[in-house]
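**Student:** This is the structure alone, sequence omitted:
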C-alpha cells in the first residue's frame, strides 16, 4: 500500500477518534437545584455505567404469590409501558426501562438519590377501585362460625404466625410506609404471637377483637390486634366462612378514640362500581380541612358509569380502595358523582400525594411486580472508582512504556506511539458504539494496555530473529511483520470469540467488560500491524543510514 | 541490542512429568478443599444482600454484629473494606435469601434502619447496596458455565479450521486445565467468586489460549518447513524461540495487573488476583499441558500425511528427543 494512503488512513482514524471523544454539547435531563430540567451540558460522550456514576438498578419479576399469571410475557409487556410512563414522569436523567428475557423488567436509574421512593413509584400497583361498604351485616352473621374456627385452630395460628405476618407486611400501601415500620412488626412478631397464643381462644375469640364502627361495614380493630386479625382472616377456613360477594379490606389510616389507636377494617361489596381504568388525570393538592389529597378526573365513559352507579347508591358509603387498602374513611354518597373525585392522603406528606398522582396518571400495573434484584450505588463510590481506575491506568501505561523503551529502544518508541493511538482508538470505539463503561470494563481496559503490546512484541522478536539471520533492515522488518501475522490474527480472533461469548451470556458489568475487550482487540490489531508498520516505513524512507542498523 | 533469554535451548518438555505432578497436586488440593467447603460465591450467585457502609467513626464490629443479630439477621458476614471506617455486610445464608423472595431490598432496608438507629442517622452512610433474589443467582451461575463451555467449543472449531483438530484439542485441554487451577487458586486464596471474577477467569482463558496459540503457530510453521525432527523437538524449539516474546508479554501484562492490584481499589482486587495467577497458569499450561498433550495425541492418532511424524513421533517419555535435527539449525 502506498505510504501516502497509509498516513491518510491513520490521520483519518485519529481525527475521527478525537471527534468521537471531543466534549460536545448535548441536551440532557439534568438536575438543577433539586429539580430535573432539560438543559445543554458539555461532556465527553463516554457513557458511564451505574457502578461508575452511582444510581439504582432494579430487576422486576411478576409477583405470583397472589395467584398465577397466565401469560407472563404479555403481562410484562403491559407492565413495561406503565413502568416507563411512571419513570419518565419521575424525573431521572437517561433512565433505562427494558424487558429482559420473557418475564423481567430491568430499570436503571442513574444518579438517583432517593432510591426507596423510586422503587415505590415503580412497584406500586396503583389499582384503584370504588366499592360500596356492606349494608347487610355480613360479618356479624359470619361471626359465630369464625369464632368457632379460630378457637379450633388456635395452635396452628400461633405456629404459622411467622409465615403469615411476612405475607401481609410487604404488600400494598404498606410499601408507602418507611421500610423500618414494616420491619418492626417483623422483629416483634414472635413475641406478640407467643403472648397471643395464651390469651386467645375461648368463646368469641374473634368477635372480641372486632368492634362495630360508625358506618355500615366498618369495624374497629385495636392497632395491637391488627397482626392477629390479619392472620385469622388469611386462614383458608375463615376466608371460606366469609359471606360470598364480600371482601374485607384494611384502612390505610389509623384512628384514635379515647387514647387508644384503632385501624378500621371494612367489609365491602366485592364488585367495584368502577375502577381506575377510566382515569384521565390526577393531580396532587392540599386542602386546609382534609390535608393532602389527590384530585382525579375520569374520561367520558368513566364519568357516565360513575354517575349511574353513584346515583343508584345515594346514602351509601363508598370506599376508595387503592391496592386493596381503603384510603381515608369512606364518604357518604350525597348525590350522583360525575367526572371528578378526590382521594385524601390522611396525614401523609405532599410528596406522597405527588407520587400517588403520578402512578395514577401512568396507569395501574396489570400484574403485581416484585423486586428480584436491586443494586444501588452511591455517587461518591462511583467517583472514587473512576479516580482509582484512572490512577491504575496511568501507572500501567507508565510501566509498560518504561519496559518497552528500555528493551526495544527506538522500536519501543514506535510501539509506544502505537499504544497512544491504541488508547485513543479504543476509547473512541467505546464512545462510538455507545458502549457503557463499567468498573470491570475499566479494569479490562487497564489490563488490555499490558496485553496490547503483545502484538508489537511478537513482531519485534521476529524482526530480531530475521536480523540475526543476517537479513537487511528493510527485509527483516517486512519478514518480521509477515511471519508474526498468523500468530497475531489467530490469538486475537480466538480472544475476540471468547469476548463475544461473554457479551452474549454476560449481564451488566460483564457485558461492559466484553465490549471493552472487543474494542481493545480491534484497536490493538490496527495499531500493531498497520500503524507501527507505517511508522517503520516512514522511518525507512526518511533516513538512508537507517537501512544499515535498526535500534530494536 | 539488549536481549534476554535469546537463542536458548532448554529442554522444557523433559520436565513434563514433574510439572504434571505439581499441577495435579495443586488442583487436587484446591478442588479437595472445595469438596469440604463450598466456594465463596458472591451474592450475585447465591442471592442475598450486600451493603457497603461508610461510618463517620470507626465502629466496633461486635457492635454491628449484635445490632444485626437483634434485628433477626443472623450469620451476616461483616468485613472491613479498605479503611477502618468502611465495612461490608453480607447476608447470604439460606434464611436471609428466602426472606428476600418478596422483594430483594427488604433485608438491606432492615440493616440500614437498625444500624442508623444504633449509630445515629448521619453516622452511617450506605455507599452501595445490592440485593439479589435466588433466581437471578441461579441464572447467572448457569450463564457463566454456558459461557465457558461455549467459548471452548468455539475455540475448538476455530483452531480446528486454522490449525488442525490435534492442536485445537490440545489447546482446549490446556485451557480447561487453567479453569481448574484458577478455581483451585480462588478457593485457596478464599477469594469471592463474583461476576467480575468470572470475567477475569474468562480473560485468563483467553490469555492462556493466546500463549498456546503463539507456540503452536511456531510449530505449524516449522512443520510446514518439513524439518527432519521429531514433534518433541519441534515443540521444544518453538517454546524456546517464542521465549523472549513470552517473557516480554508477561512482563507488560503483569505490569498492568500490578497497577490494578495496588491502585484500582478493593472492588477490582479479586479480579487483579485472578489475572496475576492467570499469567502464571497460562504460561505453565502452554508449555506443560498443551505440548505434552499434543505429543500424546500425535502418538495416539498419528497424522497420516505427515512425512516424518508417524515413524519418529516422540512420546513425551521418548528418550530420542535430541535428534540430529537440532544440530542442523
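**Tutor:** Now that the structure is in, tell me what you want to look at. Since the model is a prediction, treat every value here as computed from it, not as a measurement.
**Student:** Not counting its neighbours along the chain, what's nearest residue 205?
**Tutor:** By default, I'm working from chain A. Leaving out its chain neighbours, the residue that sits closest to residue A:205 by Cβ to Cβ, 6 or more residues apart in numbering or on different chains is residue A:150, at 4.5 Å. Glycine gets a C-beta too; all of them are placed from N, C-alpha and C.
**Student:** not what I meant, chain B
**Tutor:** Closest to residue B:205 by Cβ to Cβ, 6+ apart is residue B:175, at 5.2 Å.
**Student:** Now do the contacts for that neighbour.
**Tutor:** Contact analysis of residue B:175 by Cβ atoms under 8 Å, 6 or more residues apart in numbering or on different chains lists B:152, B:155, B:205, B:208, B:209, B:212, B:285.
**Student:** Closest residue of chain B to chain A?
**Tutor:** residue B:256 (2.9 Å; Cβ to the nearest Cβ).
**Student:** pretty sure that residue is touching residue A:399, no?
**Tutor:** Yes - counting by Cβ atoms under 8 Å, residue A:399 is a contact partner of residue B:256 at 7.3 Å.
**Student:** Between those two, which is the more surrounded one?
**Tutor:** residue B:256 (28 against 19; other Cβ atoms under 10 Å in any protein chain shown).
**Student:** Report pLDDT for the more buried one.
**Tutor:** Per-residue confidence (pLDDT) for residue B:256: 94.
**Student:** Show me the helices in the stretch 201-329 of chain B, by range?
**Tutor:** B:231-241, B:243-263, B:269-285, B:291-300, B:309-312 (DSSP state H, counting those that start in this stretch).
**Student:** To residue A:96, which of these lies closest?
**Tutor:** helix B:269-285 (24.8 Å; Cβ to Cβ).
**Student:** For the residue in the stretch 301-450 of chain A positioned nearest to chain B, give me the pLDDT.
**Tutor:** Relative to chain B, the nearest point of the stretch 301-450 of chain A is residue A:450 (2.9 Å; Cβ to the nearest Cβ). Looking at residue A:450, its pLDDT is 89.
**Student:** quick one: contacts for it?
**Tutor:** So residue A:450 contacts A:396, A:400, B:252, B:253, B:254, B:255, B:256, B:257 (Cβ under 8 Å, 6+ apart).
**Student:** Among the helices of the stretch 201-329 of chain B, single out whichever gets nearest to residue A:427.
**Tutor:** Comparing the helices of the stretch 201-329 of chain B under Cβ to Cβ, the one sitting nearest is helix B:243-263, at 16.2 Å.
**Student:** now that closest one against helix B:269-285, angle please.
**Tutor:** Per axes from the mean of the first three to the mean of the last three Cα atoms, to 10 degrees, the angle that helix B:243-263 makes with helix B:269-285 is 170 degrees.
**Student:** Tell me which other helices or strands helix B:243-263 touches.
**Tutor:** For helix B:243-263, the elements it packs on are helix A:379-432, helix A:439-468, helix B:195-225, helix B:269-285, judged by 3 or more Cβ pairs under 8 Å, 6 or more residues apart in numbering or on different chains; DSSP states H and E.
**Student:** between that helix and helix A:379-432, how many degrees?
**Tutor:** 140 degrees.
**Student:** Quick one: distance of helix B:243-263 to the chain centre.
**Tutor:** 16 Å (Cα atoms, centre = their mean, to the nearest Å).
**Student:** And stretch A:350-364, by the same measure?
**Tutor:** Relative to where its chain is centred, stretch A:350-364 has its mean C-alpha point 19 Å off (Cα atoms, centre = their mean).
**Student:** Equivalent analysis for stretch A:54-63, please.
**Tutor:** With Cα atoms, centre = their mean, you get 3 Å for stretch A:54-63.
**Student:** what about that stretch, near chain B?
**Tutor:** Yes - contact of stretch A:54-63 with chain B (Cβ under 8 Å from any Cβ of the partner chain) involves A:59, A:61, A:63.
**Student:** and the stretch 201-329 of chain B, which residues reach chain A?
**Tutor:** Counting by Cβ under 8 Å from any Cβ, the stretch 201-329 of chain B sits next to chain A at B:202-203, B:205-207, B:209-210, B:213-214, B:217-218, B:220-221, B:241-242, B:244-245, B:248-249, B:251-260, B:262-265, B:267-268, B:271-272, B:275.
**Student:** If any of the residues you listed are buried, give me the ChimeraX selection for them.
**Tutor:** Of these, the buried ones go into a single ChimeraX selection, burial set by 16 or more other Cβ atoms under 10 Å in any protein chain shown:
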select /B:202,203,205,206,207,209,210,213,214,217,218,220,241,242,244,245,248,249,251,252,253,254,255,256,257,258,259,260,263,264,265,267,268,271,272,275
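**Student:** where along the stretch 51-200 of chain A do the helices fall?
**Tutor:** Taking DSSP H, counting those that start in this stretch, the helices of the stretch 51-200 of chain A run over residues A:72-90, A:115-123, A:138-152, A:154-169, A:179-199.
**Student:** how far is stretch B:125-139 from where the chain is centred?
**Tutor:** The chain centre lies 24 Å from the centre of stretch B:125-139; the measure is Cα atoms, centre = their mean.
**Student:** which of the residues of stretch A:54-63 next to chain B tops the neighbour count?
**Tutor:** residue A:59 (25 neighbours).
**Student:** Contacts only, for that residue.
**Tutor:** By Cβ under 8 Å, 6+ apart, residue A:59 lies in contact with A:100, A:104, A:105, A:106, A:107, A:371, A:372, A:373, A:374, B:104, B:133, B:136.
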